[in-house]
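>>> Coordinates for the following, if possible.
(chains A and B)
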2 protein chains.
Amino acid sequence: MPEFLTLLPPDEAREKLLAALSRATPDSEILAVDSALGRVTAEDIVAPHPLPEFPRTTVDGYAVRAADTFGATDSLPAYLHLIGEVPMGDEPSVEIGAGQCALIHTGGMLPDGANAVVMLEYTQRIVGSGSVRPEIEVFKSVADGENVIRIGEDVAKDQIVIPKGATLRPAEIGGLMALGITSLRVARKPMVGLISTGDEVIEPSQYPRPGQVRDINSYTLGALIERSGGIPVRYGIIGDEFELLKSASAKALNECDVVIVTAGSSASTRDMTAEVIRQLGEPGVLVHGINTRPGKPTILGKCNGKAVIGLPGNPVSALVNGYLFVVPVIEKLLGAIPKPKATVQAKLTVNLPSQAGREDWWAVKLVANSDQVSGIRYQAEPIFGKSNLIFTLAAGDGLLKIHPDATGLSAGEIVEVVLI
Amino acid sequence: MPEFLTLLPPDEAREKLLAALSRATPDSEILAVDSALGRVTAEDIVAPHPLPEFPRTTVDGYAVRAADTFGATDSLPAYLHLIGEVPMGDEPSVEIGAGQCALIHTGGMLPDGANAVVMLEYTQRIVGSGSVRPEIEVFKSVADGENVIRIGEDVAKDQIVIPKGATLRPAEIGGLMALGITSLRVARKPMVGLISTGDEVIEPSQYPRPGQVRDINSYTLGALIERSGGIPVRYGIIGDEFELLKSASAKALNECDVVIVTAGSSASTRDMTAEVIRQLGEPGVLVHGINTRPGKPTILGKCNGKAVIGLPGNPVSALVNGYLFVVPVIEKLLGAIPKPKATVQAKLTVNLPSQAGREDWWAVKLVANSDQVSGIRYQAEPIFGKSNLIFTLAAGDGLLKIHPDATGLSAGEIVEVVLI
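Residues are numbered from 1 along each chain as shown, chains lettered A, B, ... in the order given. I've put the predicted structure just below:
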């Protein structure tokens, strides 16, 4: 009695779901930049002015006319008259004429007339006596613009400095502040409704009677959603009753941007989720059954423009398929530009068999073990265990994928482990 | 006029600072598990009971005595009497005797007498007529324990399931819930005081006059601290005046667990920070000058048991050295077990020269460009720019390290890029 007629490859299944979701601009909100770490920009950020706004020196030294230093060497230094010092944080009060220079500190504004800065270590000050103006010996020539950041060298006025869809990291936060942009428009966090089903499932705070298990999925998925930039909204545990599940799902669909139902583990509950998604709104179920392990019974659907995802009840399947399907949906709703996934290269310790055509995901432990030849710093030790065991995942540092085309991986192979 | 007598290699400098910090148990607080994502456990978590607490089936099928199925094949099936169905979430009401079986759903509790489960697809039900009890044909034998998770197979009672110092990810959150642990003791977030110095530095909300620049470092470092599990506490901008910096630093040292001073860019300010750290408390400056680019003028100190770090004023140096020195200090204070760093393997597009003995860090852009032979999916394009330009870092996906022993990297080399 096959439950699924066809199993889609996970990449194809995910593409089908993402393609079905609206490409409209996501909702957005205005936020202070210093509370916006990790948020996704909802508009291109344009520089209101060039950066820097004035020519600055990158070194401590003397602001000069470059031409005055041409040919200067240790044995044949150039001599320049010191006419002043550039104060930090203010306009220079001097203008550099031919044969003149001014002391300047890193970050200081280049005085008019100067077009380069000679580093302090290539100079020597000749102390003037009495009324004689101090002179500076210069032992090295500088080119026009040397040791100077020109106006707009970091960014030009009206340049797009951060594109729409960028995730704000410390560097972007700093860039915004540098431009005086202290608030910005970011994508609103998608609300993701979570429903756990199953007559055997109880709240974590309760003590299970024989046959009962605590709800894990609302919390693992909730944490995953939170970490991915969404807001988890828990709708609690629904027993194995169609009408109850349907009305809870309808409520969640109405209030949230995405709905996730983790099936009770029995076959009847699994079928129920698909039927609820069919009845909840058009077009309903898009994908039922995915050629991956764990996660075969995963259901991807769309109802009234919103993603509705049915995940297997077993905690490891639910969480692994959360990484595979829920996170990309959240990123799509945020309008986030795809970024390289964080991975660790490691040497596999054992052979891992796999069924050709199926994509397998293994929890692995990364054990530090430097290989001088390859430069690989970790060994990947698969954690063997029945897929229902949440602590096999908690003991893992990451997930290792076996590609559907492969019939397995060999001990000693260098593999890429996705951190979880 | 060398500013530094000796430059320490960054690894050695970091070790020196970390070794000097107290190894005492960090402060901790009790938190609800569902608000503890990303936090670090302050104690070993011990299983209060085994998991699962009752033997469960991992498949849909029939609970049997394994011996009753021995030798069963398609052509010679075993015949078992169906005596009932195991309800989800409750104790079975039947006990399996010789020649008997009961219908059971994935996750259901194994009835007494049974020691294995035959998958539904290897069975056929013979519909009984009238008073005849239904019989099940079994076409495949099962071993003792097959398709069953035994009591304690995930975790045993009193087993340490999550060690002290673990960072809570979705999987750990789920594991805790599975055990009914809904609150736990986590390390308190270290408070990190941030002081920006420099007569030229103004608040981001202000419009700079010529010669002035906005404060970037308080915000890039604040975001980095936040992301690393600390709490940034901003003490604002202090002008180039020794007593002001000293009293602001003393206040921050008193109120926080770590103090960071980002120097104004002028030489006088840089010297001032070192002198303040010397006067602030014993032993004062531990490292002054590090053989890295950017970041040579970084100062690592310890005053009254707390880390005090002086970072260069230029925003790129400050942030890169924040990754190198501030993040490890926060992780140490959290008592976090070191984890593999997230990296991306990429092929370098150009030659990068480097000075032997110095550790260089380059901002690089990762461009998707699959190499079928090596399996490497990205090219690493270094971003060339003067190190003062914050947007060179904002444009980068990560940082590439050139090891002190190397004299550079060659185009085409496979490099490891640390995501930022």
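>>> any idea how far chain B is from A:Tyr62?
In this view, A:Tyr62 and chain B are 13 Å apart by Cβ to the nearest Cβ, to the nearest Å. C-beta: built from backbone N, CA, C; applies to glycine.
>>> Run through the bridge partners of that residue.
Note on A:Tyr62: beta-bridge partners by DSSP bridges are A:Leu103, A:Val118.
>>> Correct me if wrong: it contacts A:Glu135.
No: using Cβ atoms under 8 Å as the test, A:Tyr62 is too far from A:Glu135 to be in contact (11.1 Å).
>>> Neighbours of the residue lying closest to A:Glu85 once chain neighbours are set aside, how many?
Distances taken as Cβ to Cβ, 6 or more residues apart in numbering or on different chains place A:Leu103 nearest to A:Glu85, at 4.2 Å, with adjacent residues excluded. Residues lying near A:Leu103 (other Cβ atoms under 10 Å in any protein chain shown) number 20.
>>> was I right about A:Leu103 contacting A:Val59?
No: counting by Cβ under 8 Å, A:Leu103 does not reach A:Val59; the two are 11.9 Å apart.
>>> ok so, going back, return the residues in contact with the residue nearest to A:Glu85.
By Cβ atoms under 8 Å, 6 or more residues apart in numbering or on different chains, A:Leu103 lies in contact with A:Gly61, A:Tyr62, A:Leu82, A:Gly84, A:Glu85, A:Val86.
>>> Most neighbours among the residues you listed, please name it.
Neighbour-wise, the contacts of A:Leu103 (other Cβ under 10 Å) top out at A:Tyr62, 29 neighbours.
>>> How about the contacts made by A:Ala114?
Per Cβ under 8 Å, 6+ apart, neighbours of A:Ala114: A:Ala63, A:Val64, A:Arg65, A:Ile96, A:Cys101, A:Ala102.
>>> Also A:Val326?
Residues near A:Val326 by Cβ under 8 Å, 6+ apart: A:Val192, A:Leu221, A:Leu224, A:Ile225, A:Ser228, A:Val258, A:Ile260, A:Ile309, A:Leu311.
>>> Could you count how many residues lie near A:Pro353?
Around A:Pro353 there are 10 residues (other Cβ under 10 Å).
>>> Report the separation between it and chain B.
19 Å.
>>> Hmm, A:Gly408 and that residue touching each other?
Yes: using Cβ under 8 Å, A:Pro353 is in contact with A:Gly408, at 4.3 Å.
>>> Need the residues touching each of those two.
By Cβ under 8 Å, 6+ apart, no residue touches both A:Pro353 and A:Gly408.
>>> And the contacts of A:Val326, which is closest to chain B?
A:Leu224 (4.5 Å; Cβ to the nearest Cβ).
>>> Looks to me like the closest one is in a helix.
Yes: counting by DSSP: H, G, I helix; E, B strand; the rest coil, A:Leu224 is located in a helix.
>>> isn't it right next to B:Pro170, touching?
Yes: if you go by Cβ under 8 Å, A:Leu224 and B:Pro170 touch, sitting 4.5 Å apart.
>>> okay, and the common contacts of those two?
A:Leu319, A:Gly322.
>>> least trustworthy helix or strand in chain A by mean pLDDT?
helix A:267-280 (a mean of 85; mean pLDDT, DSSP states H and E).
>>> That one - contacts with which helices or strands?
Contacts defined by 3 or more Cβ pairs under 8 Å, 6 or more residues apart in numbering or on different chains; DSSP states H and E place helix A:267-280 against strand A:191-197, helix A:242-255, strand A:258-262, strand A:283-288, strand A:299-303, strand A:306-311.
>>> what is the orientation angle of the first one with helix A:267-280?
On the basis of axes from the mean of the first three to the mean of the last three Cα atoms, to 10 degrees, strand A:191-197 is oriented at 140 degrees to helix A:267-280.
>>> per-residue confidence averaged over strand A:191-197?
Mean pLDDT, strand A:191-197: 97.
>>> helix, strand or coil for A:Cys48?
Rather than Cys, residue A:48 is Pro. coil.
>>> Any figure for the gap between it and A:Val161?
Distance, A:Pro48 to A:Val161, using Cβ to Cβ, to the nearest Å: 10 Å.
>>> quick revisit: quick one: closest of the helices and strands packed on helix A:267-280 to B:Glu91.
In terms of Cβ to Cβ, the element of the helices and strands packed on helix A:267-280 nearest to B:Glu91 is strand A:191-197, at 20.6 Å.
>>> Partner strands of the closest one, with direction?
In the sheet, strand A:191-197 lines up with strand A:231-238 (parallel), strand A:258-262 (parallel) (DSSP bridges).
>>> winner for burial among these?
strand A:258-262 (a mean of 29; mean count of other Cβ atoms under 10 Å in any protein chain shown).
>>> Restricting to C-alpha, output that one in PDB.
Once non-C-alpha atoms are left out, strand A:258-262 reads as follows in PDB (Å, rounded to 0.1, in the frame of the first residue of the first chain):
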ATOM      1  CA  VAL A 258       3.000  30.400   6.700                       C
ATOM      2  CA  VAL A 259       1.400  27.400   8.400                       C
ATOM      3  CA  ILE A 260       3.200  24.300   9.400                       C
ATOM      4  CA  VAL A 261       1.400  21.200  10.600                       C
ATOM      5  CA  THR A 262       3.600  18.400  12.100                       C
END
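>>> and chain A, what are its domains?
Chain A breaks down into these domains under automatic domain parsing: A:10-26+A:189-334, A:28-52+A:163-187, A:56-149, A:343-419.
>>> so for the last one, what's the average pLDDT?
Which is domain A:343-419. 89.
>>> Could you work out the end-to-end span of it for me?
Counting by Cα to Cα, to the nearest Å, you get 6 Å between the two ends of domain A:343-419.
>>> With the second one instead?
For domain A:28-52+A:163-187, the separation between the terminal residues is 4 Å (Cα to Cα).
>>> count of residues packed around the nearest residue to A:Arg56 once chain neighbours are set aside?
Nearest non-adjacent residue to A:Arg56, counting by Cβ to Cβ, 6+ apart: A:Ile149, 4.9 Å away. The tally of other residues near A:Ile149 (other Cβ under 10 Å) stands at 21.
>>> shaky segments in the stretch 151-300 of chain A?
Scanning the stretch 151-300 of chain A for pLDDT under 70 picks out A:264-270.
>>> Which residue ranges of chain A form helices?
A:10-20, A:170-178, A:217-227, A:242-255, A:267-280, A:315-321, A:327-334, A:390-394 (DSSP state H).
>>> Whether the third one contacts chain B - can you check?
Yes: for a cut-off given as Cβ under 8 Å from any Cβ of the partner chain, helix A:217-227 has contacts with chain B, namely A:Asn217, A:Tyr219, A:Thr220, A:Leu221, A:Gly222, A:Ala223, A:Leu224, A:Glu226, A:Arg227.
>>> Can you give me the first-to-last residue distance of stretch A:382-399?
9 Å.
>>> quick one, what contacts the residue lying closest to A:Arg227 once chain neighbours are set aside?
Take A:Arg227 and drop its neighbours on the chain: the residue closest to it by Cβ to Cβ, 6+ apart is B:Leu37, 6.3 Å away. If you count contacts by Cβ under 8 Å, 6+ apart, B:Leu37 has them with A:Ala223, A:Glu226, A:Arg227, B:Leu168, B:Arg169, B:Pro170, B:Ile173.
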